[in-house]
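Peer 1: sequence unknown, structure follows:
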C-alpha cells in the first residue's frame, strides 16, 4: 500500500480562510466577520504565532499559503 504525501496545513489556516471568505461575501455581515476575527485571534494566541507570510511557489510547484515563524 502506497502512502500518499500530504502537505502540512499552515497554522490557523482554517480560521484565516473563513475570515477572508466572510470579508468577500456580498452582502457583508460585519458581526459574522468580527466573530471569525475573534476565532482567528484566539488561534494565533494559542499557537503563539508571531508573523504570517505568503510563501513563494517552490520549484516543485507546491505553495504554502500561510506560515508561522
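Peer 2: Received the coordinates, thanks. Because the structure is predicted, anything quoted here is derived from the model rather than measured.

Peer 1: mind checking the longest helix of this protein?
Peer 2: In the chain, with assignment by DSSP state H, the single longest helix is helix 30-47.

Peer 1: contacting residues for the closest residue to residue 15 other than its chain neighbours?
Peer 2: The shortest distance from residue 15 to any non-neighbouring residue, by Cβ to Cβ, 6 or more residues apart in numbering, is to residue 40 (4.1 Å). Heads up, the C-betas are built off the backbone N, CA and C, glycines and all. If a contact means Cβ atoms under 8 Å, 6 or more residues apart in numbering, then residue 40 has 12, 15, 16, 18, 19 as its contacts.

Peer 1: what's the helix or strand hosting the last one packed up against?
Peer 2: Of the helices and strands defined by DSSP states H and E, residue 19 is found in helix 13-24. Counting contacts by 3 or more Cβ pairs under 8 Å, 6 or more residues apart in numbering; DSSP states H and E, helix 13-24 packs against helix 30-47.

Peer 1: Partner strands of the helix or strand just after the helix it packs on, with direction?
Peer 2: Where DSSP H and E defines the elements, the next helix or strand beyond helix 30-47 is strand 52-53. Partners of strand 52-53 in the sheet, by DSSP bridges, are strand 67-68 (antiparallel).

Peer 1: quick one: the residue nearest the centre of the chain from residue 19, how far?
Peer 2: In the chain, the C-alpha nearest the mean C-alpha coordinate belongs to residue 13, at 2.3 Å (Cα atoms, centre = their mean). Distance, residue 13 to residue 19, by Cβ to Cβ, to the nearest Å: 11 Å.

Peer 1: do you know how far residue 53 is from residue 16?
Peer 2: 12 Å.
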